[in-house]
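# Kindly return the folded structure for what I paste below:
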Amino acid sequence: MPRRTLLFTVSLALTALVIASVIAGVAGRSTGRAPVDRARSEQERGGGGGGGRGGGNEELQEQLEVTQERLTALKAAKDQGKFGRKVAVLAAPAPGWAGEQVVDVTADDWEPAIAADPGAPFVYLLTTRYGAKPCPGNCPSPFIALRTSSDGGATWAAAKALCACKGSGQFDPIIEVVPNTGAVYALYMNGFNVVFTKSSDHGQTWSTPVATWGKVSWNDKPVIAMSNDGKDVYVSWNGPNAGDPWIAQSHDFGASWTQTKIVDSPRYFYAYDADVLNDGRVVFSESSIDYGGQGSTPTGVVQFHAFVSSNTGGSWQNVLVDTVELGEPCVAAGCKSDFYLGHSGVSADANGNLVYVYDGATTSGGKQSAFAKRSTDGGLTWSARVTLSAAGEQATSPAVESRGAGDVRAWYAQTNGGSHDAWNVWYRSSTDGGATWAAPVKLSDASTGAGYKTAAGFQEIYGDYGEAAITSAGKTIAVWGEGFSYTGPGGVWFNRQL
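Presented below is the predicted three-dimensional model:
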(Lines give C-alpha, C1' and ligand atoms only; values in the text may rest on other atoms or scores of the structure.)
Protein backbone atom coordinates (compact mmCIF):
# COMPACT_ATOMS: atom_id res chain seq x y z
CA MET A 1 0.00 0.00 0.00
CA PRO A 2 1.91 3.05 -1.15
CA ARG A 3 -0.13 5.39 0.98
CA ARG A 4 1.66 6.22 4.21
CA THR A 5 -0.86 4.66 6.51
CA LEU A 6 -1.91 6.67 9.56
CA LEU A 7 -2.62 4.49 12.58
CA PHE A 8 -4.24 5.55 15.85
CA THR A 9 -3.21 3.67 18.99
CA VAL A 10 -6.09 3.41 21.40
CA SER A 11 -7.71 0.73 23.49
CA LEU A 12 -10.85 -0.97 22.26
CA ALA A 13 -12.76 0.42 25.21
CA LEU A 14 -12.09 3.98 23.97
CA THR A 15 -12.60 3.38 20.25
CA ALA A 16 -15.83 5.34 19.84
CA LEU A 17 -14.56 8.25 21.92
CA VAL A 18 -11.29 8.48 19.98
CA ILE A 19 -13.00 8.40 16.58
CA ALA A 20 -15.33 11.21 17.61
CA SER A 21 -12.58 13.34 19.14
CA VAL A 22 -10.16 12.92 16.22
CA ILE A 23 -12.80 13.82 13.65
CA ALA A 24 -13.89 16.84 15.65
CA GLY A 25 -10.32 17.97 16.22
CA VAL A 26 -9.25 17.66 12.60
CA ALA A 27 -12.28 19.44 11.20
CA GLY A 28 -12.29 22.16 13.84
CA ARG A 29 -8.58 22.94 13.57
CA SER A 30 -8.51 22.82 9.79
CA THR A 31 -11.50 24.98 8.97
CA GLY A 32 -12.36 26.95 12.09
CA ARG A 33 -15.96 25.76 11.66
CA ALA A 34 -18.07 23.17 13.41
CA PRO A 35 -17.02 19.58 12.65
CA VAL A 36 -18.46 18.04 9.48
CA ASP A 37 -18.64 14.56 8.01
CA ARG A 38 -15.98 14.99 5.31
CA ALA A 39 -16.73 11.63 3.72
CA ARG A 40 -20.28 12.83 3.05
CA SER A 41 -19.13 16.30 2.01
CA GLU A 42 -16.77 14.86 -0.61
CA GLN A 43 -19.55 12.77 -2.11
CA GLU A 44 -21.75 15.84 -2.36
CA ARG A 45 -18.92 17.67 -4.13
CA GLY A 46 -18.60 14.86 -6.64
CA GLY A 47 -15.13 13.91 -5.43
CA GLY A 48 -14.74 10.56 -7.17
CA GLY A 49 -11.68 8.35 -7.28
CA GLY A 50 -9.88 6.93 -4.34
CA GLY A 51 -13.01 5.23 -3.04
CA GLY A 52 -12.40 5.07 0.68
CA ARG A 53 -9.08 6.88 0.29
CA GLY A 54 -10.40 10.41 0.70
CA GLY A 55 -10.40 10.77 4.48
CA GLY A 56 -13.42 11.07 6.75
CA ASN A 57 -15.05 8.52 9.02
CA GLU A 58 -14.42 5.41 6.91
CA GLU A 59 -10.68 5.93 6.76
CA LEU A 60 -10.49 6.69 10.47
CA GLN A 61 -12.32 3.46 11.22
CA GLU A 62 -10.08 1.48 8.87
CA GLN A 63 -6.94 2.95 10.44
CA LEU A 64 -8.20 2.19 13.91
CA GLU A 65 -8.85 -1.42 12.99
CA VAL A 66 -5.41 -1.85 11.41
CA THR A 67 -3.76 -0.28 14.45
CA GLN A 68 -5.54 -2.67 16.76
CA GLU A 69 -4.33 -5.57 14.62
CA ARG A 70 -0.78 -4.23 14.83
CA LEU A 71 -0.91 -3.82 18.60
CA THR A 72 -2.36 -7.31 18.99
CA ALA A 73 0.43 -8.72 16.82
CA LEU A 74 3.05 -6.83 18.85
CA LYS A 75 1.72 -8.23 22.14
CA ALA A 76 1.51 -11.75 20.74
CA ALA A 77 5.08 -11.60 19.42
CA LYS A 78 6.36 -10.37 22.78
CA ASP A 79 4.39 -13.03 24.68
CA GLN A 80 5.86 -15.72 22.43
CA GLY A 81 9.38 -14.39 22.88
CA LYS A 82 9.67 -13.55 19.17
CA PHE A 83 10.09 -9.81 19.54
CA GLY A 84 11.49 -7.19 21.89
CA ARG A 85 14.55 -9.03 23.17
CA LYS A 86 18.10 -8.12 22.27
CA VAL A 87 19.62 -10.62 19.86
CA ALA A 88 23.13 -10.55 18.44
CA VAL A 89 23.27 -9.20 14.89
CA LEU A 90 25.47 -11.33 12.66
CA ALA A 91 26.23 -9.56 9.40
CA ALA A 92 28.45 -10.20 6.40
CA PRO A 93 29.16 -6.68 5.17
CA ALA A 94 30.08 -5.96 1.59
CA PRO A 95 33.52 -4.37 1.14
CA GLY A 96 33.39 -0.73 2.17
CA TRP A 97 30.23 -1.09 4.28
CA ALA A 98 29.84 -1.24 8.06
CA GLY A 99 27.12 -3.92 8.05
CA GLU A 100 23.41 -3.80 8.70
CA GLN A 101 22.27 -2.58 12.14
CA VAL A 102 18.88 -2.22 13.81
CA VAL A 103 17.91 1.15 15.29
CA ASP A 104 16.25 -0.42 18.37
CA VAL A 105 15.48 -4.13 18.52
CA THR A 106 13.05 -3.58 21.40
CA ALA A 107 10.94 -0.96 19.56
CA ASP A 108 8.17 -1.51 17.01
CA ASP A 109 9.43 1.10 14.52
CA TRP A 110 7.77 1.74 11.17
CA GLU A 111 8.58 3.93 8.18
CA PRO A 112 11.88 5.78 8.72
CA ALA A 113 13.26 9.04 7.36
CA ILE A 114 16.89 10.16 7.34
CA ALA A 115 18.88 13.29 6.48
CA ALA A 116 22.56 14.22 6.62
CA ASP A 117 24.18 17.63 6.96
CA PRO A 118 26.32 18.22 3.83
CA GLY A 119 28.71 20.51 5.71
CA ALA A 120 29.10 18.76 9.07
CA PRO A 121 29.05 15.14 10.34
CA PHE A 122 25.48 15.27 11.72
CA VAL A 123 22.86 12.69 10.68
CA TYR A 124 19.21 12.70 11.75
CA LEU A 125 16.89 9.66 11.78
CA LEU A 126 13.14 9.59 12.46
CA THR A 127 10.85 6.60 12.97
CA THR A 128 7.15 6.12 13.71
CA ARG A 129 7.17 4.24 17.03
CA TYR A 130 4.24 2.06 18.11
CA GLY A 131 3.39 0.52 21.47
CA ALA A 132 4.98 3.30 23.54
CA LYS A 133 4.38 6.86 24.66
CA PRO A 134 6.99 9.60 25.19
CA CYS A 135 5.14 11.03 28.22
CA PRO A 136 2.18 10.18 30.48
CA GLY A 137 -1.41 11.20 29.94
CA ASN A 138 -2.70 12.60 26.64
CA CYS A 139 0.57 12.01 24.81
CA PRO A 140 0.85 10.88 21.17
CA SER A 141 0.85 7.19 20.36
CA PRO A 142 2.35 6.35 17.98
CA PHE A 143 4.94 9.12 18.20
CA ILE A 144 7.86 10.28 16.08
CA ALA A 145 11.15 9.14 17.62
CA LEU A 146 14.32 11.08 16.79
CA ARG A 147 17.90 9.84 16.93
CA THR A 148 20.92 11.99 16.08
CA SER A 149 24.52 11.19 15.22
CA SER A 150 27.45 13.60 15.29
CA ASP A 151 29.88 11.24 13.55
CA GLY A 152 28.23 10.31 10.27
CA GLY A 153 26.08 7.53 11.70
CA ALA A 154 28.79 5.57 13.49
CA THR A 155 27.24 6.22 16.90
CA TRP A 156 23.83 7.58 17.92
CA ALA A 157 22.36 9.47 20.85
CA ALA A 158 19.43 7.92 22.68
CA ALA A 159 16.02 8.25 21.06
CA LYS A 160 13.73 11.07 22.10
CA ALA A 161 10.38 12.37 20.91
CA LEU A 162 10.54 14.91 18.11
CA CYS A 163 7.60 16.60 19.84
CA ALA A 164 5.93 15.15 22.93
CA CYS A 165 2.89 17.20 21.99
CA LYS A 166 -0.53 16.44 23.39
CA GLY A 167 -2.76 14.62 20.96
CA SER A 168 -3.82 11.29 19.53
CA GLY A 169 -1.00 10.17 17.25
CA GLN A 170 1.87 11.23 14.98
CA PHE A 171 2.72 9.68 11.61
CA ASP A 172 4.69 10.03 8.34
CA PRO A 173 7.96 11.64 9.47
CA ILE A 174 10.04 13.55 6.93
CA ILE A 175 13.34 15.30 7.70
CA GLU A 176 15.82 17.40 5.70
CA VAL A 177 18.87 19.60 6.36
CA VAL A 178 19.15 23.14 4.95
CA PRO A 179 22.33 22.95 2.83
CA ASN A 180 23.82 26.39 3.60
CA THR A 181 23.01 26.66 7.30
CA GLY A 182 22.72 23.17 8.78
CA ALA A 183 19.25 23.95 10.16
CA VAL A 184 17.03 20.88 10.30
CA TYR A 185 13.47 20.94 8.93
CA ALA A 186 10.92 18.22 9.71
CA LEU A 187 7.32 17.37 8.91
CA TYR A 188 4.96 14.92 10.49
CA MET A 189 1.27 14.15 10.64
CA ASN A 190 -0.63 15.20 13.75
CA GLY A 191 -3.82 13.25 13.21
CA PHE A 192 -4.81 14.24 9.67
CA ASN A 193 -2.84 17.50 9.62
CA VAL A 194 0.73 18.12 8.40
CA VAL A 195 2.85 20.25 10.74
CA PHE A 196 6.31 21.78 10.29
CA THR A 197 9.02 22.12 12.92
CA LYS A 198 12.70 23.06 12.78
CA SER A 199 15.90 22.99 14.81
CA SER A 200 18.92 25.30 14.73
CA ASP A 201 21.00 23.39 17.29
CA HIS A 202 21.50 20.02 15.58
CA GLY A 203 18.24 18.54 16.80
CA GLN A 204 18.64 19.34 20.49
CA THR A 205 15.58 21.60 20.58
CA TRP A 206 12.71 22.10 18.14
CA SER A 207 10.34 24.95 17.36
CA THR A 208 6.65 24.79 18.16
CA PRO A 209 4.97 22.92 15.27
CA VAL A 210 3.36 25.18 12.65
CA ALA A 211 0.30 24.22 10.60
CA THR A 212 0.92 23.92 6.84
CA TRP A 213 -2.67 23.27 5.76
CA GLY A 214 -4.41 26.67 6.00
CA LYS A 215 -8.12 26.07 5.42
CA VAL A 216 -7.68 22.68 3.71
CA SER A 217 -9.58 20.15 5.80
CA TRP A 218 -7.67 16.86 5.99
CA ASN A 219 -4.18 16.42 4.54
CA ASP A 220 -1.94 13.41 4.33
CA LYS A 221 1.36 11.88 3.15
CA PRO A 222 3.76 14.84 3.15
CA VAL A 223 7.18 15.47 1.62
CA ILE A 224 9.43 18.54 1.94
CA ALA A 225 12.22 20.39 0.11
CA MET A 226 13.77 23.81 0.58
CA SER A 227 16.07 26.34 -1.06
CA ASN A 228 19.76 26.28 -0.15
CA ASP A 229 19.30 29.07 2.39
CA GLY A 230 16.13 27.55 3.87
CA LYS A 231 13.94 30.58 3.17
CA ASP A 232 11.75 28.97 0.51
CA VAL A 233 10.11 25.77 1.79
CA TYR A 234 7.86 23.52 -0.30
CA VAL A 235 5.62 20.76 1.01
CA SER A 236 3.36 18.46 -0.96
CA TRP A 237 0.53 16.48 0.60
CA ASN A 238 -2.74 15.15 -0.71
CA GLY A 239 -6.02 16.47 0.55
CA PRO A 240 -9.80 16.34 0.17
CA ASN A 241 -11.53 15.32 -3.05
CA ALA A 242 -10.00 11.86 -2.70
CA GLY A 243 -6.29 12.44 -2.87
CA ASP A 244 -5.72 15.53 -5.00
CA PRO A 245 -2.15 16.84 -4.70
CA TRP A 246 -1.52 20.15 -2.99
CA ILE A 247 1.58 22.30 -2.63
CA ALA A 248 1.98 24.23 0.62
CA GLN A 249 4.78 26.76 0.47
CA SER A 250 6.51 29.18 2.80
CA HIS A 251 8.85 32.00 1.85
CA ASP A 252 9.75 33.04 5.38
CA PHE A 253 11.63 29.99 6.68
CA GLY A 254 8.45 28.08 7.54
CA ALA A 255 6.75 30.76 9.64
CA SER A 256 3.67 31.14 7.40
CA TRP A 257 2.19 29.03 4.61
CA THR A 258 -0.04 29.25 1.54
CA GLN A 259 -1.69 26.30 -0.23
CA THR A 260 -2.46 25.51 -3.89
CA LYS A 261 -4.19 22.45 -5.35
CA ILE A 262 -2.24 21.59 -8.49
CA VAL A 263 -4.39 18.79 -9.96
CA ASP A 264 -8.14 18.18 -9.75
CA SER A 265 -8.51 14.53 -10.73
CA PRO A 266 -10.27 11.27 -9.86
CA ARG A 267 -6.80 9.71 -9.48
CA TYR A 268 -5.22 9.45 -6.02
CA PHE A 269 -1.75 11.06 -5.77
CA TYR A 270 1.14 10.02 -3.52
CA ALA A 271 4.08 12.36 -2.90
CA TYR A 272 7.36 10.58 -2.14
CA ASP A 273 10.30 12.90 -2.76
CA ALA A 274 11.33 16.41 -3.78
CA ASP A 275 14.39 18.54 -4.47
CA VAL A 276 15.22 22.19 -5.05
CA LEU A 277 17.93 22.76 -7.63
CA ASN A 278 20.70 25.32 -7.14
CA ASP A 279 18.91 27.69 -9.51
CA GLY A 280 15.72 27.53 -7.39
CA ARG A 281 13.71 25.17 -9.62
CA VAL A 282 11.50 22.85 -7.55
CA VAL A 283 10.72 19.23 -8.53
CA PHE A 284 8.39 16.79 -6.75
CA SER A 285 8.12 13.09 -7.59
CA GLU A 286 4.60 11.73 -7.24
CA SER A 287 2.56 8.77 -8.44
CA SER A 288 -1.14 8.51 -9.17
CA ILE A 289 -3.47 5.52 -9.01
CA ASP A 290 -7.10 5.04 -10.05
CA TYR A 291 -9.05 3.32 -7.28
CA GLY A 292 -12.15 2.93 -9.40
CA GLY A 293 -12.01 -0.86 -9.47
CA GLN A 294 -14.39 -3.18 -7.69
CA GLY A 295 -14.33 -2.52 -3.96
CA SER A 296 -12.19 0.60 -4.49
CA THR A 297 -9.26 -1.48 -5.74
CA PRO A 298 -6.63 -0.14 -8.17
CA THR A 299 -7.47 -0.33 -11.85
CA GLY A 300 -5.78 0.70 -15.09
CA VAL A 301 -2.16 1.85 -14.81
CA VAL A 302 0.13 3.68 -12.41
CA GLN A 303 1.31 7.09 -13.60
CA PHE A 304 4.49 8.78 -12.36
CA HIS A 305 4.62 12.56 -12.35
CA ALA A 306 7.14 15.35 -11.86
CA PHE A 307 5.58 18.56 -10.57
CA VAL A 308 7.95 21.34 -11.61
CA SER A 309 8.09 25.03 -10.75
CA SER A 310 10.66 27.44 -12.19
CA ASN A 311 9.23 30.59 -10.56
CA THR A 312 9.51 29.92 -6.82
CA GLY A 313 6.21 28.10 -6.66
CA GLY A 314 4.23 30.70 -8.59
CA SER A 315 3.01 28.06 -11.06
CA TRP A 316 3.47 24.32 -11.57
CA GLN A 317 3.86 22.00 -14.54
CA ASN A 318 2.59 18.43 -14.36
CA VAL A 319 5.08 16.33 -16.35
CA LEU A 320 4.21 12.67 -16.98
CA VAL A 321 7.48 10.81 -16.44
CA ASP A 322 6.28 7.27 -17.16
CA THR A 323 3.32 4.88 -17.05
CA VAL A 324 3.57 1.32 -15.71
CA GLU A 325 1.22 -1.62 -15.21
CA LEU A 326 -0.25 -2.68 -11.90
CA GLY A 327 2.06 -5.35 -10.52
CA GLU A 328 1.75 -8.30 -8.18
CA PRO A 329 -0.42 -7.65 -5.12
CA CYS A 330 0.83 -7.94 -1.57
CA VAL A 331 -0.49 -11.03 0.25
CA ALA A 332 1.31 -10.69 3.60
CA ALA A 333 -0.77 -10.62 6.78
CA GLY A 334 -2.71 -7.37 7.02
CA CYS A 335 -1.47 -6.14 3.65
CA LYS A 336 -3.60 -4.26 1.12
CA SER A 337 -3.14 -5.32 -2.49
CA ASP A 338 -1.58 -1.96 -3.46
CA PHE A 339 1.25 -1.96 -0.91
CA TYR A 340 4.01 -2.46 -3.49
CA LEU A 341 2.63 0.04 -6.04
CA GLY A 342 3.58 3.57 -6.95
CA HIS A 343 6.78 4.48 -5.09
CA SER A 344 9.13 7.11 -6.49
CA GLY A 345 12.12 9.29 -5.64
CA VAL A 346 13.92 12.22 -7.25
CA SER A 347 17.26 13.91 -6.64
CA ALA A 348 19.38 16.58 -8.33
CA ASP A 349 23.17 16.77 -8.46
CA ALA A 350 25.14 20.01 -8.14
CA ASN A 351 24.69 20.71 -11.86
CA GLY A 352 20.91 20.44 -11.68
CA ASN A 353 20.69 17.11 -13.48
CA LEU A 354 17.95 14.88 -12.09
CA VAL A 355 17.49 11.16 -11.51
CA TYR A 356 13.97 9.81 -10.93
CA VAL A 357 13.56 6.27 -9.53
CA TYR A 358 10.28 4.35 -9.39
CA ASP A 359 8.74 0.88 -9.39
CA GLY A 360 6.25 -0.86 -11.65
CA ALA A 361 5.40 -3.83 -13.83
CA THR A 362 5.67 -4.17 -17.59
CA THR A 363 2.73 -6.60 -17.79
CA SER A 364 -0.51 -6.40 -15.84
CA GLY A 365 -0.21 -8.43 -12.64
CA GLY A 366 3.45 -9.17 -13.30
CA LYS A 367 6.49 -8.71 -11.12
CA GLN A 368 7.57 -5.14 -10.55
CA SER A 369 11.01 -3.77 -11.36
CA ALA A 370 12.87 -0.75 -10.02
CA PHE A 371 13.57 1.77 -12.78
CA ALA A 372 15.53 5.00 -13.19
CA LYS A 373 15.22 7.93 -15.61
CA ARG A 374 17.35 11.05 -16.12
CA SER A 375 16.56 14.67 -16.93
CA THR A 376 19.03 17.38 -17.98
CA ASP A 377 16.46 20.16 -18.42
CA GLY A 378 15.09 20.50 -14.92
CA GLY A 379 12.49 17.75 -15.13
CA LEU A 380 10.66 18.79 -18.30
CA THR A 381 11.80 15.81 -20.38
CA TRP A 382 13.11 12.41 -19.32
CA SER A 383 15.34 9.71 -20.79
CA ALA A 384 14.38 6.12 -21.53
CA ARG A 385 14.04 3.97 -18.42
CA VAL A 386 16.95 1.94 -17.07
CA THR A 387 16.18 -1.17 -15.00
CA LEU A 388 17.99 -1.35 -11.66
CA SER A 389 16.57 -4.55 -10.15
CA ALA A 390 17.10 -8.19 -11.15
CA ALA A 391 14.92 -9.89 -13.75
CA GLY A 392 12.38 -12.37 -12.39
CA GLU A 393 12.20 -10.78 -8.93
CA GLN A 394 9.61 -8.48 -7.37
CA ALA A 395 11.07 -5.02 -6.59
CA THR A 396 9.61 -2.00 -4.83
CA SER A 397 10.26 1.16 -2.80
CA PRO A 398 13.35 2.69 -4.48
CA ALA A 399 15.09 5.70 -2.93
CA VAL A 400 17.74 8.00 -4.41
CA GLU A 401 20.21 10.71 -3.39
CA SER A 402 22.72 12.68 -5.50
CA ARG A 403 25.60 15.10 -5.12
CA GLY A 404 28.54 16.55 -7.07
CA ALA A 405 28.62 16.05 -10.83
CA GLY A 406 26.57 12.95 -11.61
CA ASP A 407 27.25 11.15 -8.32
CA VAL A 408 24.01 9.17 -7.71
CA ARG A 409 23.19 6.55 -5.03
CA ALA A 410 20.01 4.44 -5.00
CA TRP A 411 18.56 1.47 -3.16
CA TYR A 412 15.47 -0.72 -3.59
CA ALA A 413 13.84 -3.75 -1.97
CA GLN A 414 13.82 -7.00 -3.94
CA THR A 415 12.64 -10.57 -3.35
CA ASN A 416 15.08 -13.45 -3.09
CA GLY A 417 14.34 -16.30 -5.46
CA GLY A 418 10.86 -14.99 -6.25
CA SER A 419 9.66 -15.51 -2.69
CA HIS A 420 7.77 -12.71 -0.96
CA ASP A 421 8.84 -14.33 2.35
CA ALA A 422 12.45 -13.31 1.75
CA TRP A 423 13.27 -9.68 0.90
CA ASN A 424 16.58 -7.88 0.71
CA VAL A 425 17.69 -4.29 0.15
CA TRP A 426 20.10 -3.65 -2.71
CA TYR A 427 22.26 -0.60 -3.47
CA ARG A 428 23.52 0.70 -6.81
CA SER A 429 25.54 3.80 -7.64
CA SER A 430 26.31 5.84 -10.72
CA THR A 431 29.09 8.28 -11.58
CA ASP A 432 27.54 9.54 -14.82
CA GLY A 433 24.21 10.87 -13.64
CA GLY A 434 22.34 7.58 -13.89
CA ALA A 435 23.29 6.61 -17.45
CA THR A 436 25.15 3.53 -16.21
CA TRP A 437 25.16 1.84 -12.80
CA ALA A 438 27.66 -0.18 -10.77
CA ALA A 439 26.87 -3.77 -9.82
CA PRO A 440 24.33 -4.19 -6.99
CA VAL A 441 25.49 -4.48 -3.39
CA LYS A 442 23.34 -6.14 -0.70
CA LEU A 443 22.73 -3.79 2.22
CA SER A 444 20.45 -6.06 4.28
CA ASP A 445 23.40 -8.31 5.07
CA ALA A 446 22.43 -9.41 8.61
CA SER A 447 21.08 -12.94 9.01
CA THR A 448 20.12 -12.57 12.68
CA GLY A 449 19.04 -9.85 15.09
CA ALA A 450 15.25 -10.26 14.92
CA GLY A 451 12.72 -13.06 14.51
CA TYR A 452 11.89 -11.97 10.97
CA LYS A 453 15.54 -12.25 9.81
CA THR A 454 16.96 -15.32 8.06
CA ALA A 455 19.98 -16.05 5.92
CA ALA A 456 17.74 -15.58 2.87
CA GLY A 457 16.44 -12.14 3.91
CA PHE A 458 13.65 -10.62 5.98
CA GLN A 459 9.98 -11.58 5.87
CA GLU A 460 8.29 -8.33 4.80
CA ILE A 461 8.93 -4.66 4.12
CA TYR A 462 7.76 -2.68 7.14
CA GLY A 463 6.60 0.77 6.10
CA ASP A 464 5.69 2.44 2.85
CA TYR A 465 9.06 4.09 2.34
CA GLY A 466 12.68 4.44 3.49
CA GLU A 467 15.41 6.86 2.48
CA ALA A 468 19.07 7.40 1.67
CA ALA A 469 21.39 10.24 2.61
CA ILE A 470 24.97 11.26 1.80
CA THR A 471 27.10 12.44 4.71
CA SER A 472 29.55 15.35 4.72
CA ALA A 473 32.31 12.77 4.20
CA GLY A 474 30.63 11.62 0.99
CA LYS A 475 29.42 8.31 2.43
CA THR A 476 25.98 6.78 1.85
CA ILE A 477 23.71 5.89 4.74
CA ALA A 478 20.46 4.06 3.91
CA VAL A 479 17.51 3.27 6.17
CA TRP A 480 14.44 1.03 5.74
CA GLY A 481 11.91 -1.09 7.67
CA GLU A 482 11.71 -4.87 8.10
CA GLY A 483 9.06 -6.96 9.82
CA PHE A 484 7.18 -10.22 10.18
CA SER A 485 4.39 -8.90 7.95
CA TYR A 486 2.61 -5.69 7.07
CA THR A 487 0.84 -6.00 10.43
CA GLY A 488 4.18 -6.42 12.16
CA PRO A 489 5.84 -6.06 14.48
CA GLY A 490 9.06 -4.89 12.93
CA GLY A 491 11.97 -2.52 13.16
CA VAL A 492 14.07 0.04 11.31
CA TRP A 493 17.47 -1.02 9.98
CA PHE A 494 20.33 0.89 8.36
CA ASN A 495 23.69 0.40 6.72
CA ARG A 496 26.45 2.90 6.01
CA GLN A 497 29.57 3.20 3.92
CA LEU A 498 32.90 3.29 5.72
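# list the buried ones in stretch 346-364?
For stretch 346-364, a neighbour-count test (16 or more other C-beta atoms under 10 Å) marks 346-349, 352-361 as buried. (Glycine included, C-beta is placed from N, CA and C.)
# Likewise for stretch 328-340?
328, 330, 332, 334-340.
# what's the answer for stretch 486-498, then?
486-497.
# before we move on, back to that, among the buried residues of stretch 328-340, which pair sits farthest apart?
Pairwise distances across the buried residues of stretch 328-340 (C-beta to C-beta) peak at 16.9 Å, for the pair Glu328 and Gly334.
# about what we covered before: mind picking the one among the buried residues of stretch 486-498 that's closest to Thr381?
Of the buried residues of stretch 486-498, the one sitting nearest to Thr381 (C-beta to C-beta) turns out to be Gln497, at 32.3 Å.
# Without its sequence neighbours, what residue ends up closest to the closest one?
The shortest distance from Gln497 to any non-neighbouring residue, by C-beta to C-beta, 6 or more residues apart in numbering, is to Lys475 (3.9 Å).
# got it, and Val178?
Using C-beta to C-beta, 6+ apart, the nearest residue to Val178 is Gly230, at 3.6 Å.
# for the stretch 351-498 of the chain, which spans come out with low pLDDT?
Confidence mapping of the stretch 351-498 of the chain against pLDDT under 70 gives zero matching residues.
# just the strands in it please.
354-361, 368-375, 386-387, 395-403, 407-416, 419-430, 441-442, 453-454, 457-458, 460-461, 467-470, 476-483, 490-496 (DSSP state E, counting those that start in this stretch).
# Return, as residue ranges, the portions of the stretch 1-150 of the chain with sub-threshold pLDDT.
For the stretch 1-150 of the chain, residues meeting the criterion pLDDT under 70 lie at 1-63.
# Tell me which stretches of it form helices.
15-31, 38-44, 57-79 (DSSP state H, counting those that start in this stretch).
# Quick check: the farthest pair among the buried residues of stretch 346-364?
Longest span within the buried residues of stretch 346-364, C-beta to C-beta: Gly352 and Ala361, 31.2 Å.
# How much space separates Ile144 from Met189?
9 Å (C-beta to C-beta, to the nearest Å).
# quick one on the thing from earlier: can you add distance to Trp213 and give the strands of the stretch 351-498 of the chain back as TSV?
Shown next, in TSV, are the strands of the stretch 351-498 of the chain (distance: least, C-beta to C-beta, whole Å):
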stretch	distance to Trp213
strand 354-361	27
strand 368-375	30
strand 386-387	37
strand 395-403	26
strand 407-416	31
strand 419-430	33
strand 441-442	40
strand 453-454	39
strand 457-458	36
strand 460-461	29
strand 467-470	23
strand 476-483	27
strand 490-496	27
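# just to revisit the earlier point, distance to Leu126 for the buried residues of stretch 346-364 - can I get that in a markdown table?
Formatted as a markdown table, the buried residues of stretch 346-364 follow (distance: C-beta to C-beta, whole Å):
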| residue | distance to Leu126 |
| --- | --- |
| Val346 | 20 |
| Ser347 | 19 |
| Ala348 | 23 |
| Asp349 | 25 |
| Gly352 | 28 |
| Asn353 | 28 |
| Leu354 | 25 |
| Val355 | 24 |
| Tyr356 | 24 |
| Val357 | 21 |
| Tyr358 | 23 |
| Asp359 | 23 |
| Gly360 | 27 |
| Ala361 | 31 |
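# Can you tell me which of the residues you listed comes closest to Val105?
Asp359 (28.5 Å).
# Overlap of the contact sets of Ile144 and Met189?
Gln170 (C-beta atoms under 8 Å, 6 or more residues apart in numbering).
# which one of the two has more residues nearby?
Each of Ile144 and Met189 had its neighbours counted (other C-beta atoms under 10 Å), and the higher figure belongs to Ile144 (29 against 23).
# Grab the nearest non-local neighbour of Lys373.
That would be Trp382: by C-beta to C-beta, 6+ apart, it lies 4.4 Å from Lys373.
# my guess is that neighbour contacts Asp322, does it?
Yes - between Trp382 and Asp322 there is a contact under C-beta atoms under 8 Å: 7.3 Å.
# hey, what's in contact with both of these two?
In contact with both Trp382 and Asp322: Lys373, using C-beta under 8 Å, 6+ apart.
# In the stretch 51-200 of the chain, what residue spans correspond to strands?
101-102, 108-116, 123-130, 143-149, 160-161, 170-177, 184-190, 193-199.
# residue contacts, the residue nearest to Lys78 when sequence neighbours are not counted?
The shortest distance from Lys78 to any non-neighbouring residue, by C-beta to C-beta, 6+ apart, is to Gly84 (4.7 Å). By C-beta under 8 Å, 6+ apart, the contact list for Gly84 reads 77-78, 105-106.
# ok, so what distance separates Gly84 from Gly352?
Taking C-beta to C-beta, one finds Gly84 at 47 Å from Gly352.
# And for Asp445?
34 Å.
# you'd agree Asp229 is up against His251?
No - with contacts counted by C-beta under 8 Å, Asp229 stays clear of His251, the gap being 11.2 Å.
# more neighbours, these two?
More crowded of Asp229 and His251, by other C-beta under 10 Å: His251, with 16 against 12.
# Pull the contacting residues for the more buried one.
Residues counted as contacts of His251 (C-beta under 8 Å, 6+ apart) are 231-233, 312-313.
# Swap in 7 Å and give it another go.
231-232 (C-beta atoms under 7 Å, 6 or more residues apart in numbering).
# just to revisit the earlier point, quick check: of the buried residues of stretch 346-364, which lies closest to Glu467?
When the buried residues of stretch 346-364 are compared for distance to Glu467 (C-beta to C-beta), Ser347 wins out at 10.6 Å.
# Give the other helices and strands that the host helix or strand of the closest one contacts.
In this structure, Ser347 sits in strand 344-348 according to DSSP states H and E. On a contact count with 3 or more C-beta pairs under 7 Å, 6 or more residues apart in numbering; DSSP states H and E, strand 344-348 meets strand 268-276, strand 282-290, strand 354-361, strand 395-403.
# could I get the ones you listed as JSON lines with distance to Asp432?
Converted to JSON lines, the helices and strands packed on strand 344-348 look like this (distance: least, C-beta to C-beta, whole Å):
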{"stretch": "strand 268-276", "distance to Asp432": "19"}
{"stretch": "strand 282-290", "distance to Asp432": "20"}
{"stretch": "strand 354-361", "distance to Asp432": "11"}
{"stretch": "strand 395-403", "distance to Asp432": "12"}
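# So for Trp156, which of the ones you listed sits nearest?
Of all the helices and strands packed on strand 344-348, strand 395-403 comes closest under C-beta to C-beta, at 19.6 Å.
# and the closest one, which strands flank it?
When pairing is defined by DSSP bridges, strand 395-403 lines up against strand 407-416 (antiparallel).
# what's the spacing between the partner strand and its chain's center?
15 Å (C-alpha atoms, centre = their mean, to the nearest Å).
# likewise stretch 87-105?
23 Å.
# Start the count at 734 instead of 1 going forward.
Got it, the first residue is 734 from now on, which makes the last one we talked about stretch 820-838.
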